[in-house]
Structure formats: structure tokens, C-alpha cells
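Student: let's see this in three dimensions:
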Amino acid sequence: MDRKNTGKTPENLRKKTAEIGYNRNKRGFENKINNRLRGIRHIRVPFCFSAEEGYKRFLNQVFEGDCLEQMKKLPSEILDAVITDPPYCSGSRQESGKGQRNRMTTTKANRWFGGDGLSTQGFLWFMRQCALEWNRLLKPGGHVLVFIDWRMMPYLAAAIESADFRYNSLLVWDKTYFTMGACFRNQHELILHFSKGKGVPQRRDVGNVLSQKPVRNGQHPTEKPVDLIERLLSVVCPEHGLVLDSFAGSGTTGVACLRSNRHYVLIERDPYYAEVSKERLRAETELEKVDSIKR
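Tutor: The predicted structure follows:
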């Protein structure tokens, strides 16, 4: 048989062998580089936040401690929304009385912020630090909803807006009946709405006045109704999204997330209320399991 017809001449065989060797060496070199790069990524970024591993680490957890310290441990741009209810620090009509009066809790000597007795300046600084962390943690387009009263509303709005948030609207929570007050008695609280850039709503059929009876004899002095938080979540967070409450109290935001098929990260400084939140959420999780079995 003629070798020219088969294409297997010594010269062609040498070229083919050299080509195979080159490809093998190239693949080996590429594999070596890729392995080295993987090693570098593993060494330099040990807490690299992937969609799978990162969410497992922080998903549906209650963290006890100072919210500024705890938020720094969370990876950037993981949140869809922040819904929280900070101490209003409006326990006194006069500035001089704020540091002397703590209406919610008793200040302990080793705590710089032991209740709602901060001065306006201290409250502004503290809430702006929180807002800066919220901005880091939120995805672009994420939302912030913060409860506040009429006295501290303008100060809080300025503090959050100065952390590069877009001030969208002011919501009114109508409690359906009046409570404390001297002349015109209080029947509402306010909710500030901000977004990181242009926020995208999940629905557009909810008004800015939300009527909901307050919680009576709750597990926290300022506990909010679960139904109210669920309505807020339905507008600012998609299903399976992640929500932060940096002043968790008795864990109402977490309960609302579980009932509406969303995830939460809760932070609470007070050990007692952190434990209350955990117990309440464990009970809610067990109830959800029972309901799913019945269905």
C-alpha cells in the first residue's frame, strides 16, 4: 500500500506526535494554573460568599450582640430588604432629659446604649452607622423600612439619607384606636421607606396608610404585629428573599418571614430578648412543619 495515500508518512507521524504532546503539555499547564488559582482563592478569601454556602451560614439565624459589630460579619450585597424598629430615643420632650430617662430598659454601667435614652446627636450618629452597614449589605435596588415616631422622624430620615439612600416615602401605621397622649392622643406610628438606588416593588396595590391593631401583652414592650410586617414584606422583598432586622426584639420579623416564605437574619443585643426570639422562631418552625404535614 502506498504511504502517500494513507497519510501516515514518517514526517506526518512526527507532526502528529508533536501536536499530541503539545496539547497534553498545554492541558497539564492549564490544569496546574487553575489548581493554583483555586488554591489562591481559597487562601485569600476563606469566607467567599457563594449563593449556596453563604446563605447556609447566615440564613434564618438570630445573632446576639451589638448590631454594628454583628453586621460587619455579614457579606456584602446579600439582603433584599431591611425592616427594623430601633429605639426611638424620644422619651423626653427636652434634650437634657433624654440622657436621664430610659423608658424601655435600664442602662447598665458597661453599656454605652442601654435603652432609648440617647441624645439626638448620639441617635443621629448611631443610626447613620447602621445605615452605612445596611447600604453595604443590601443588593442594588434593596429596600429599607424603619419604624419611628413623629419627634425623631426628621432626624432619622436625614441620618439614613446621608448614607446614600434614596428617600422614597413616609408610611403611616394606623393603630385603629388612640392610646397615650395629652390633647390629641396618639393613634399612629411612622415608617420611613428608603431604597438603595431605584427600588423595585413586588406589588403596587398597598397604600401608604396601613391599618392594623397593635399587639397587646406581647413579649416585648414595642412588639409589632406580624400581619403588619407581612404586608410590608410583600411589597419590598421577593419570596425566598433575605431580610435583616438589626433590632430584632422578640423576633416578629423572623416570624413574618417564615409565614410568608422568606428568610431572615436577626440581631438582638439583649440576651433575654435574643433567647425569646430563638424560642419563638423554633416554635413557629415546628408549627410550619405540622401544617405542611397536614397539607
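
Student: and residue 245, what does it touch?
Tutor: Taking CB atoms under 8 Å, 6 or more residues apart in numbering, we find residue 245 in contact with 82-85, 253-254, 264-267. C-beta coordinates here come from the backbone N, C-alpha and C atoms, glycine included.

Student: excluding chain neighbours, what is closest to residue 228?
Tutor: residue 212 (4.3 Å; CB to CB, 6 or more residues apart in numbering).

Student: surely the one you found meets residue 173?
Tutor: Yes. Counting by CB atoms under 8 Å, residue 173 is a contact partner of residue 212 at 6.6 Å.

Student: please identify which of those two sits among more neighbours.
Tutor: residue 173 (20 against 16; other CB atoms under 10 Å).

Student: got the phi and psi for that one?
Tutor: Main-chain dihedrals, residue 173, degrees, to the nearest 10: phi -90, psi 110.

Student: OK, contacts around it?
Tutor: 147, 188-191, 210, 212, 228.

Student: show me where the stretch 151-295 of the chain has strands.
Tutor: 166-174, 188-195, 209-211, 242-245, 263-268 (DSSP state E, counting those that start in this stretch).

Student: tell me the pLDDT at residue 220?
Tutor: We have a pLDDT of 89 for residue 220.

Student: ditto for residue 46
Tutor: 35.

Student: can you show me the helices along the protein?
Tutor: Using DSSP state H, the helices found in the chain span residues 3-6, 10-44, 53-58, 67-71, 95-98, 120-137, 153-161, 226-236, 252-259, 271-294.

Student: which stretch in those is the model least sure about?
Tutor: helix 95-98 (a mean of 47).

Student: partner strands of the lengthiest strand in the chain, with direction?
Tutor: Assignment by DSSP state E gives strand 138-148 as the longest strand of the chain. Strand 138-148 pairs in its sheet with strand 79-84 (parallel), strand 188-195 (antiparallel), by DSSP bridges.

Student: so which bits of that strand are buried?
Tutor: Neighbour counts over strand 138-148 (16 or more other CB atoms under 10 Å) mark 138-139, 142-148 as buried.

Student: quickly check those residues for the two that are furthest apart.
Tutor: Greatest spacing in those, by CB to CB: 139 and 148 (23.9 Å).

Student: state the distance from the closest residue to residue 143 other than its chain neighbours to residue 80.
Tutor: Distances taken as CB to CB, 6+ apart place residue 236 nearest to residue 143, at 3.7 Å, with adjacent residues excluded. Distance of residue 236 to residue 80, given as CB to CB, to the nearest Å: 8 Å.

Student: which neighbours do those two have in common?
Tutor: By CB under 8 Å, 6+ apart, the residues touching both residue 236 and residue 80 are residue 143.

Student: more neighbours, the two?
Tutor: residue 236 (25 against 21).

Student: ok, the more buried one - contacts?
Tutor: 80-81, 83, 143, 145, 193, 199, 201-202.

Student: got a winner among the contacts of residue 245 for most neighbours?
Tutor: residue 253 (31 neighbours).

Student: show residues contacting stretch 185-194.
Tutor: 143-150, 153, 156-157, 160-161, 165-180, 210, 232, 236.
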